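[1] Kindly return the folded structure for what I paste below:
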Amino acid sequence: MSPEVEVEVDVHTHLGEHGTHVHAPLAEHEIRAWGRVSWDVTTQEHAAAANSARTSIVLAFDAEPVGVVVPNDYVAAAVAGQDRLIGFASVNPNRPDAAARLETAVRDLGLRGLKLGPTYQHFHPHDRACLDLLEVADHYRLPVIWHQGTTFTSAAIAEYARPVQLDLAARTFPNLPMWIAHFGHPWMAECVATARRHEHFFIDVSALDTRPWQLAQALAAAYEYRIMDRILFGSDYPFSTVERTVAGLRRAAALCRRLGIAEVTDDDVDAICRRDALSRLGLRPPAPQAT
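    Sure thing, here's the model as predicted:
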């Protein structure tokens with residue numbers, strides 16, 4: 001991909017400041033794992049980084065059990081009037097007013113998707129409360145992004161994190177676009193095997209640029225199962241950037257070829273970067289800002 005060509009859609013970016021939205025235990029565990037808190041980004045910093053893609057999806061996150069609450073209204077305010085940003089709500093299904101919260105996020109705040117993370121929000125994807133919330137998402141045609149994979153914080157519940165546990169949701173809501181973040185690492189093959197069964201299911205590549213072997217295995221699995229066209233570009237900003245993610249994809253593709261595990265080419269990487277994820281997810285581009 002030439003330097004002049006932008007990434008079309010970054011489907012996975014975060015806002016939130018340490019001490020305001022990101023607290024212990026997750027913040028402390030982030031320092032233990034990485035030596036610092038990366039989840040500490042202002043709306044201005046996010047907006048500047050988002051210029052590296054034509055459109056970016058910005059995620060709220062209602063994960064109070066692990067110390068993270070990036071509110072829906074905060075994200076809505078951050079994306080208001082921005083013709084390159086799309087805001088997604090997050091609601092913990094365990095909240096007694098979960099359905100009402102999601103309806104408010106859609107009708108009053110203008111948010112256009114739903115972020116769920118069972119391991120962080122302490123619910124199982126098969127829970128009735130989760131399926132009830134997905135009914136609301138289905139009613140409003142809200143694409144759903146799932147963090148269904150491992151995490152560094154011990155405050156998360158690991159047994160809720162396996163990608164195959166989303167098969168029930170995929171079967172129950174066959175017309176609702178969904179995707180699994182981070183290739184479901186370290187269960188990349190399980191993620192691919194789950195997604196390939198459902199045409200409305202996708203995968204993003206976010207946060208794997210620092211794990212070239214995992215990313216190479218993930219790309220190889222998608223290549224073998226013939227679902228390369230279901231891979232979406234995501235950076236997981238501020239944990240990574242668009243530029244680092246593109247470079248990581250190129251390194252992983254080259255590793256696939258060098259090891260002889262899959263013929264993933266630079267053209268395949270270009271296709272991921274140029275993919276019109278908004279159309280795949282049933283989203284319209286943001287409306288241009290009035291001048």
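
[2] helices or strands up against the helix-or-strand element of the chain with minimal mean pLDDT?
    When the helices and strands of the chain are scored by mean pLDDT, DSSP states H and E, helix 26-34 comes last with a mean of 92. Helix 26-34 is packed against no helix or strand, with contacts defined by 3 or more Cβ pairs under 8 Å, 6 or more residues apart in numbering; DSSP states H and E. Placement of C-beta: from N, CA and C, glycine included.

[3] Tell me the helices and strands packed up against whichever helix or strand comes after that helix.
    For helix 26-34, the following helix or strand on the C-terminal side (DSSP states H and E) is helix 43-49. Helices and strands touching helix 43-49, by 3+ Cβ pairs under 8 Å, 6+ apart, are strand 7-14, helix 72-79.

[4] what distance separates the last one from the centre of its chain?
    Taking Cα atoms, centre = their mean, to the nearest Å, the mean C-alpha location of helix 72-79 is offset from the chain mean by 17 Å.

[5] C-terminal to it, what's the next element?
    Following helix 72-79 toward the C-terminus (DSSP H and E): strand 85-90.

[6] Give me the contacts around that following strand.
    Strand 85-90 has contacts (Cβ atoms under 8 Å, 6 or more residues apart in numbering) with 47, 50, 55-63, 70, 72, 75-76, 78-79, 101-102, 105-106, 109-117, 142-143, 145, 278, 283, 286.

[7] Just the ones of the residues you listed in helices?
    Applying DSSP state H to the contacts of strand 85-90, the entries found in helices are 47, 72, 75-76, 78-79, 101-102, 105-106, 278.

[8] residues contacting Ile92?
    You called it Ile, but residue 92 is Asn. Shown in contact with Asn92 (Cβ under 8 Å, 6+ apart): 62-65, 98, 121-123.

[9] re the thing from before, would a markdown table of the helices and strands packed on helix 43-49 with mean pLDDT be doable?
    Putting these into a markdown table (pLDDT from 0 to 100) gives the following:
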| stretch | mean pLDDT |
| --- | --- |
| strand 7-14 | 98 |
| helix 72-79 | 98 |
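
[10] so Ala137 makes contact with Val144?
    Yes. Taking contacts as Cβ atoms under 8 Å, Ala137 lies within contact range of Val144: 5.6 Å.

[11] Which parts of the stretch 151-291 of the chain are strands?
    178-180, 201-204, 231-232 (DSSP state E, counting those that start in this stretch).

[12] and for the first one, what are the contacting residues?
    The set of residues external to strand 178-180 that reach it, using Cβ under 8 Å, 6+ apart, is 11, 143-146, 148-149, 163, 166, 169-170, 191, 194-195, 200-204, 232, 281.
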